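# Test case, fold it:
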Amino acid sequence: MEVKFADSFSKSIEKIIRANRWYNKAWSWICYDVPHFWKNVWKFRAALSKHYWWDYSGTLKFMEIAINDIVTNVELKGLEIDESRLKKVTAMKRVVEILKHISEDSYIEMSEAKHGKVIFHGFEFEDAKDHPGYYQLVDNETPKERNHNSKVYEYARKLEEQEWKELWKLLEGQYYKDYEKTVKHLTPEERRKDDHYYKWFDGSGLKGWWD
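Numbering: from 1, shown residues only. Now for the predicted structure:
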């Protein structure tokens, strides 16, 4: 059997070869990669200014900005069908919200919204009787106030732990074998007809957040 190739096939191969030559790669780097680099520097400026090798908050800020960029574009310009795309949008927005809570350290405020403001009388010092010439902080809290403040701080800590676990669960996503367990008794036609996958899918999973 004789195998023939159309002229368009040969031209496509030639185009691929030319694109991989050093001068074309250099031109692409100058025209596309460099401008994109500076665009990203501006986009991630807040994360760049907060990144230190000894602290994780800058790393989370990179994630917040990057995922917010993804969700903004997927929501407005995404080509995926709404059944799965909109669930991804919801999950990504929740991740961004949690990352903002962490970066802004807003858990005390969130707890105060539920239990009331932390009671603080200001700083007052008195002479330290056991150490002449030194001062000690005066504890002006009543037992009731101390109990109230403890409740606020405890709820803030609980919220922070819950959202930290939720964050990584959203990033990890669902386990595909769990889906197979729910539909193993159905035929392929039944699966397509009732959209079982889209009912099971909750939009989580960083690996699937692209368009």
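
# how far does the longest helix belonging to the chain sit from the chain's center?
In the chain, with assignment by DSSP state H, the single longest helix is helix 143-172. In terms of Cα atoms, centre = their mean, to the nearest Å, the gap separating the centre of helix 143-172 from the centre of its chain is 19 Å.

# Show me what that helix is packed up against.
Packing partners of helix 143-172 (3 or more Cβ pairs under 8 Å, 6 or more residues apart in numbering; DSSP states H and E): helix 82-104, helix 107-115. For glycine as for every other residue, the C-beta is placed from the backbone atoms N, C-alpha and C.

# Please identify the most buried of those.
Each of these was scored by mean neighbour count; the highest is helix 82-104, a mean of 17, by mean count of other Cβ atoms under 10 Å.

# domain parsing for this protein?
7-43, 51-104+173-211 (automatic domain parsing).

# rewinding a little: how about a markdown table for the helices and strands packed on helix 143-172, with distance to T59 and mean pLDDT added?
Converted to a markdown table, these look like this (distance: least, Cβ to Cβ, whole Å; pLDDT from 0 to 100):
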| stretch | distance to T59 | mean pLDDT |
| --- | --- | --- |
| helix 82-104 | 10 | 97 |
| helix 107-115 | 19 | 96 |
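
# Out of these, which is closest to E172?
Nearest to E172, of all the helices and strands packed on helix 143-172, is helix 82-104, at 11.2 Å by Cβ to Cβ.

# relative orientation of the closest one and helix 107-115 in degrees?
If you take axes from the mean of the first three to the mean of the last three Cα atoms, to 10 degrees, helix 82-104 sits at 110 degrees to helix 107-115.

# Run through the chain and note the low-pLDDT ranges.
Applying pLDDT under 70 to the chain flags the ranges 1-19, 22-23.

# mind running it again at 80?
Within the chain, the ranges that satisfy pLDDT under 80 run 1-29, 123-129, 136-138, 191-194.

# For the longest helix of the chain, list every residue counted as buried.
Residues 148-149, 152, 155-156, 159-160, 163, 167, 170-171 are the ones in helix 143-172 that count as buried (16 or more other Cβ atoms under 10 Å).

# Run through who's touching the helix or strand that that helix is followed by.
Later in the chain than helix 143-172, the nearest helix or strand by DSSP states H and E is helix 176-183. For helix 176-183, the external contacting residues (Cβ atoms under 8 Å, 6 or more residues apart in numbering) are 191, 196-197, 200-201.

# Pipe the helices and strands packed on helix 143-172 into CSV and attach distance to N20 per row.
Shown next, in CSV, are those (distance: least, Cβ to Cβ, whole Å):
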stretch, distance to N20
helix 82-104, 34
helix 107-115, 52
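
# Select, out of these, the one closest to T187.
helix 82-104 (20.6 Å).

# from the chain's centre, how far out does the closest one sit?
7 Å.

# and the gap between the closest residue to L167 other than its chain neighbours and K158?
The shortest distance from L167 to any non-neighbouring residue, by Cβ to Cβ, 6 or more residues apart in numbering, is to I98 (4.8 Å). Noted for I98: a distance of 14 Å to K158, by Cβ to Cβ, to the nearest Å.

# what's the closest of the buried residues of helix 143-172 to H36?
Nearest to H36 among the buried residues of helix 143-172 is L171, at 24.9 Å by Cβ to Cβ.

# Next, work out how far apart the closest one and R157 are.
Between L171 and R157 the computed distance is 22 Å (Cβ to Cβ).
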